[in-house]
Each structure stands twice: as structure tokens, then as C-alpha cells.
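Chemist: Structure of the sequence below:
(chains A, B, C and D)
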There are 2 protein chains.
Amino acid sequence: MSDRPVRRKPGQPTASQANSLVGAVLTLDVIRFGYRIGYLAQLFTGPLYRELSERHDIGRQEWVVLFCSAYFEKLTAQEIGQMSGRAKANVSRAVNKLVRMGLLKREPNLADARSTQISLTRKGRAVFDQTLKPFVEREAEMLSVLTVDEVSQLDILLAKLTNRADRWDAPY
Amino acid sequence: MSDRPVRRKPGQPTASQANSLVGAVLTLDVIRFGYRIGYLAQLFTGPLYRELSERHDIGRQEWVVLFCSAYFEKLTAQEIGQMSGRAKANVSRAVNKLVRMGLLKREPNLADARSTQISLTRKGRAVFDQTLKPFVEREAEMLSVLTVDEVSQLDILLAKLTNRADRWDAPY
DNA sequence: AAAATCTAGTTTCATATGGAACCAAGTACG
DNA sequence: CGTACTTGGTTCCATATGAAACTAGATTTT
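Modeler: Numbers count the residues shown, from 1 in each chain, chains lettered A, B, ... in the order given. All right, here's what the predicted structure looks like:
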């Protein structure tokens, strides 16, 4: 690791310098996996969330709720919390905001008056479809350094890591 | 939540059939990779950060700084920011806190008086070694569902994803 | 069926965080 | 040199967040 000041042309981004430092950390022999997974996750979502909040005033929490709602016709706030691992206060706030924005609608839950059935409005579906695209594209970019074979290897490995029988992945 | 209509790939478990709602989401066909990587990252660090802040009053930002400092003898705050992807305000606060706690020390940077050389104190080293253990152990648990072969596959894949020539992973 | 218990969701509070303003030191250029 | 501009780091501010208190509806117990 260099201990001298960074030297570069004015106006140029510090990307190359940053990258070498990142690379140095990422080849360490301790917590290689945990560190790199976290690094990837942050890098993947970072620019996406930024754009999302600038363009649509939708934050991380709101996006998660939107995502879940888009794939299950009707959900309660609790179910969203369970499947996303978010604290229920955040889910509550996110749902309320999305309802105010007209992207979600609530219907009374006949089975239990404490909770409500949450579902996407037509507008919510449209916004979701629109906002999903950058995620899909960025994922493709992220994976673009892998061969088709490697992608399916990764798919299998991720499936094993996230879909396990023990309780390693218990909610904490 | 038994027979709710669900949009999913044919043959995949429904929310109710999966052992958890998380499982149901994780088998979706969109952003499979991004979502699961983020999910894994969150799950890996979640309990660790909680314990860290309870036991040592060290938060996420402080831990990152500690980790970087433990692997490079001398660093500037800027370098830490670059290699961890954290905002400089957070690095600044974290460094200051760790200095107050006696875990880091600052030495003047002879080459540039604006920045200082940051390094671990003996105490900082001791605390780091102690706090690293749970991370190592939890990583081992996380990987325990993989065979030795699969772990090295994953290692290669992660290396490719994080150590690339293009600018996908440029700081944002 | 009244009392105690539990659960879904909301609100409150204290802290964490990112972005921009800011300050001091370094560099470029006349 | 002197002025303009860049850069490392800190501080300020507005927002995001998690944990716990709280409310109202549901369930259990006797």
C-alpha cells in the first residue's frame, strides 16, 4: 500500500486509484467472501437507489415494498417485512408513503381487521416496470464479466447459500 | 397467506410452500443475482454489527475503518474512503471516534499537511483481532453449505466480479 | 364472556447517514 | 509572488433508520 499522496491530473476521476485500493482489499485472505459480497451488493444497488430517489422519490424501503408487491398480488405489511428482512416500522412508513403517492392501494383484510391487504395500483405497476429496468440492466452489466457457464454456476451457488435447511439465515 | 395468486416461475414454490417468504422471493426470475447478493450481504453482517455495537460500541463505519487500518500500516482518511466506498464524512467521524477511543493514532503526514497518517494502536490491534473472530466464524457458517470445490468456484467468480478491467465498479 | 395475552401496524425517539457548505493546505499559472 | 483553483478533512443539516412504546383488534384462559 502506498503511503504517498495521490497524484493525478486535475479533473480526472480518482477511479483508477480507488480501484487499486479496492483491489488490494479484495484480495485479502480474511473474510474474503463476506467482504466481497458486501462490496458487490453495495456497488450494485448504490447508483440504482440514487437514481430511484432522484427520479421517482422512491427510497430503498419503498423500492423493496414495491418489488415485493409486484410479485405477489396481495400482501400484508407483515409479510413484506418477513420476505424483505426489513423492520416493520420501515415497512409501515414505506407503505404509507407509496399509498400517498398512489402506487399502492389498501383493502380491508376480511380475515383480520388489524392488517390490510396491500396491492399495486395500475400506476404502481407502471412505475415499477419502469424502475425495474435499470436494475435488470445493471445486473446484466455486473454479470457481463462472466461466461454463460459461470453465470449458471453462480446461480447454483447463490441458491445453495440462500436456500438452506439450517437456520443460519434466520431473521435476526 | 395460503392460496394467494402469485407471479412466479412455474415449478417454483409459492410463498406458502417455501419454508419462508424469503425463499419465495429468492426464487424469482428477475434480479435473481442482485437480490440474493444483497440479501446475503445483509444477512451476513446484520448480527455481526449488532453484536459489535453492543459489545464494543463500534458501528458499521468504525468497523470498516478498523478493518482497513488493520491491513495497511498507514492510511489517510481518503484512502480508507476509496477502498471502502464510504462517504468521507462517515470516514472522518469514524476515525475521530476511534482516535478518541484510543484504537487509532494519527501522525502528521510529512508529504501533505492536510491529511494525517492513520494507524492502529496496540489496543486497536487487540480489539480488532478480538472483533474479527465472529466475522470469520460467521463466514465459515455461511459457506458451510458448500463443498470445498464450490467454495473455490465461488472464490473465482467473486474475484472476476470484483476485480474487473472496465469501470462498472467505479465509485458513484 | 371478562381478563389476560398476543399480534399487526403506527408513532415516537435517539442515532446513523449522505450531501453540501466550509476551512485550511496544496497546486497551477499569470 | 499573487490570484484562482483543487483537494483532504470537518461540520452542519435534513433525512433515513432501528428499537421500543403504544393502539387497536384478535386469541387464549378460566
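Chemist: OK, contacts around the spatially most central residue of chain A?
Modeler: With distances taken as Cα atoms, centre = their mean, residue A:45 lies nearest the centre of chain A, 5.5 Å away. Neighbouring residues of residue A:45 by Cβ atoms under 8 Å, 6 or more residues apart in numbering or on different chains: A:60, B:34, B:38. Backbone N, C-alpha and C define where each C-beta goes, glycine included.
Chemist: Buried members of these into PyMOL, please.
Modeler: To isolate the buried members of these in PyMOL, using 16 or more other Cβ atoms under 10 Å in any protein chain shown:
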select buried, chain B and resi 34+38
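Chemist: Residue A:128 against residue A:68, yeah?
Modeler: No: Residue A:128 is not in contact with residue A:68 according to Cβ atoms under 8 Å; the separation is 10.4 Å.
Chemist: Looking at those two, which one has more neighbours?
Modeler: The neighbour comparison of residue A:128 against residue A:68 (other Cβ atoms under 10 Å in any protein chain shown) goes to residue A:68, with 22 against 19.
Chemist: Now the more buried one: which helix or strand?
Modeler: helix A:60-71 (DSSP states H and E).
Chemist: how about the helices in chain A?
Modeler: A:15-26, A:32-56, A:60-71, A:77-84, A:88-100, A:122-143, A:148-162 (DSSP state H).
Chemist: Does the fifth one reach DNA strand C?
Modeler: Yes: contact between helix A:88-100 and DNA strand C, assessed by Cβ under 7 Å from any atom of the strand, occurs at A:88, A:89, A:92, A:93, A:95, A:96.
Chemist: check contacts around residue A:60.
Modeler: Residue A:60 makes contact with A:45, A:49, according to Cβ under 8 Å, 6+ apart.
Chemist: That one and residue A:93, how far apart?
Modeler: 11 Å (Cβ to Cβ, to the nearest Å).
Chemist: next one: residue A:41
Modeler: Distance from residue A:41 to residue A:93, by Cβ to Cβ: 23 Å.
Chemist: How about residue A:36?
Modeler: 32 Å.
Chemist: Looking at the two, which one has more neighbours?
Modeler: Using other Cβ under 10 Å, the more surrounded residue of residue A:36 and residue A:93 is residue A:36, with 24 against 15.
Chemist: do you know how far the residue nearest to the more buried one when sequence neighbours are not counted is from DNA strand D?
Modeler: In this structure, residue A:36 finds its nearest non-sequential neighbour in residue B:158, 4.6 Å apart by Cβ to Cβ, 6 or more residues apart in numbering or on different chains. The spacing between residue B:158 and DNA strand D, counted by Cβ to the nearest atom of the strand, to the nearest Å, is 25 Å.
Chemist: Count the residues that sit near residue B:158.
Modeler: 21.
Chemist: Check the contact between it and residue A:34; I expect there is one.
Modeler: No: Residue B:158 is beyond contact range of residue A:34, at 10.4 Å (criterion: Cβ under 8 Å).
Chemist: for residue A:138, what are its contacts?
Modeler: Counting by Cβ under 8 Å, 6+ apart, residue A:138 has contacts A:44, A:47, A:48, B:34.
Chemist: Next one: the last one from residue B:50, what distance?
Modeler: Between residue B:34 and residue B:50 the distance is 24 Å, computed by Cβ to Cβ.
Chemist: that older thread, what is the orientation angle of the helix holding residue A:68 with helix A:122-143?
Modeler: 100 degrees (axes from the mean of the first three to the mean of the last three Cα atoms, to 10 degrees).
Chemist: and helix A:60-71, does that touch DNA strand C?
Modeler: No: counting by Cβ under 7 Å from any atom of the strand, DNA strand C is not contacted by helix A:60-71; separation bottoms out at 10.2 Å.
Chemist: roughly how far apart are the residue nearest to residue A:36 and residue B:140?
Modeler: 16 Å.
Chemist: mind listing what's buried in the helix holding residue A:68?
Modeler: For helix A:60-71, using 16+ other Cβ under 10 Å, the buried residues are A:61, A:62, A:63, A:64, A:65, A:66, A:67, A:68, A:69, A:70, A:71.
Chemist: per-residue confidence at the second one?
Modeler: Residue-level confidence at residue A:62 comes out at 95, pLDDT.
Chemist: ok, it touching residue A:96?
Modeler: No: Residue A:62 is beyond contact range of residue A:96, at 9.9 Å (criterion: Cβ under 8 Å).
Chemist: which regions of chain A sit below the pLDDT cut-off?
Modeler: A:1-28, A:167, A:169-172 (pLDDT under 70).
Chemist: repeat that with 50
Modeler: Scanning chain A for pLDDT under 50 picks out A:1-18.
Chemist: Pull up the residues of it that are close to DNA strand C.
Modeler: Close to DNA strand C, as judged by Cβ under 7 Å from any atom of the strand, chain A has residues A:5, A:10, A:50, A:76-78, A:81, A:88-89, A:92-93, A:95-96, A:109, A:112, A:114-116.
Chemist: just the buried members of the residues you listed?
Modeler: By 16+ other Cβ under 10 Å, the residues of chain A next to DNA strand C give A:76, A:77, A:81, A:92, A:95, A:116 as buried.
Chemist: With that, I have no additional questions.
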